[in-house]
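Student: mind looking at a prediction? Sequence and model below.
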Amino acid sequence: MKVRKAVIPAAGLGTRFLPATKAQPKVMLPVIDIPAIQLVVEEAARGGIEDVLIVTGRGQRAIEDHFDRNLELERFLEDKAKFDELKRIRQISDMAEVHYIRQKEALGLGHAISVAQAHVGDEPFAVMLGDDLIHPSEPLLGQMLRSHDTFGRSVIAAMEVSKQDISLYGCIQAEPFEEHLVRILSIIEKPSPEEAPSNLAVIGRYVFTPEIFDALRRTTPGRAGEIQLTDAINLLAQEQAVYAYRFEGRRFDVGNPLDYLKATVELGAERDDLGPEFRAWLAQFVQREKLV
Ligand code: UTP
């Protein structure tokens, strides 16, 4: 069955990015001049997804306003003949059918996904974390959707990370399956480097069969008292095959200030409008600071 819907959980508190996230949603932080969540919705649209459900929390109206029309601004840009800006603004509200649901309390990523059930229904769907950016040139979601089409099972994205960093992620124990796919035997959330069964980490792109909702219902609060998506995937993997797609491309966790900085520099250096001048400045900066 074709995947038509994506869920973007965006209701976390963003404590790693305080104070910027005190009064604004983390996913609205701009990567240069585009909010992170817009880049994720653009990625969904490129993957052929037509329907996006964003799970929001309190104080996150800015997300809804961003994907809505802004008629006053449109009129202003039209009057000033700023047609390029006008086109960019209008495109945002036309990218996909965007819906919203509130997670009333930040009870964990697993809980955020479970509130999406009524909207998703009994069909496979994608989950895309709003603060996890995959470089726009990487067709990761499309590859995952193709693997789901072929095998009819859940496929989650994974990346090799250093042994030290594995304690920041869900960690996968798996057996080989196909060129880019492994079959998951178990997953544990944020293990210490000593207890980690591998250095294969879950990253923020998933394609799920609807049985994940049943697994989430049976998941009790785990680490940090939250309903962990990792625990539900672990349950699901004991009942039906769940695959991990080994991703080797560029990805940024923009919920973390250091990765956010890296994303801004890399994506800025690649931009046609800003790149040439920015690269020249960057080269001078590296020389002046004797960074190499
Ligand atoms: P994170 O742990 O990265 O987000 O959750 P956080 O809790 O907002 O960030 P820190 O660690 O405090 O800085 C992964 C994703 O799950 C969403 C977050 O918005 C993020 O996209 N999430 C997390 C929810 O939607 N609800 C929750 O209760 C928890």
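Tutor: It's in.

Student: per-residue confidence at the residue nearest to residue 157 when sequence neighbours are not counted?
Tutor: Nearest non-adjacent residue to residue 157, counting by Cβ to Cβ, 6 or more residues apart in numbering: residue 205, 4.0 Å away. Every residue, glycine included, has its C-beta placed from N, CA and C. pLDDT recorded at residue 205 is 98.

Student: equivalent analysis for the one 5 residues further on, please.
Tutor: We note a pLDDT of 97 for residue 210 in this prediction.

Student: my guess is it meets residue 119, correct?
Tutor: No. If you go by Cβ atoms under 8 Å, residue 210 and residue 119 don't touch, sitting 11.9 Å apart.

Student: return the residues in contact with residue 163.
Tutor: Applying Cβ atoms under 8 Å, 6 or more residues apart in numbering, one finds that residue 163 lies in contact with 193, 196, 199.

Student: hang on, I meant residue 78
Tutor: Applying Cβ under 8 Å, 6+ apart, the residues near residue 78 are residue 86.

Student: may I see the buried residues of the strand or helix carrying it?
Tutor: Element membership of residue 78, judged by DSSP states H and E, is helix 71-79. Going by neighbour count (16 or more other Cβ atoms under 10 Å), the buried part of helix 71-79 is residue 77.

Student: export it to PDB, keeping only CA atoms.
Tutor: Once non-C-alpha atoms are left out, helix 71-79 reads as follows in PDB (Å, rounded to 0.1, in the frame of the first residue of the first chain):
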ATOM      1  CA  LEU A  71      -2.700  37.600   2.800                       C
ATOM      2  CA  GLU A  72      -1.500  40.900   4.200                       C
ATOM      3  CA  LEU A  73       2.100  40.000   3.500                       C
ATOM      4  CA  GLU A  74       1.200  38.700   0.000                       C
ATOM      5  CA  ARG A  75      -0.600  42.000  -0.800                       C
ATOM      6  CA  PHE A  76       2.400  44.000   0.500                       C
ATOM      7  CA  LEU A  77       4.900  42.000  -1.600                       C
ATOM      8  CA  GLU A  78       2.600  42.300  -4.700                       C
ATOM      9  CA  ASP A  79       2.300  46.100  -4.200                       C
END
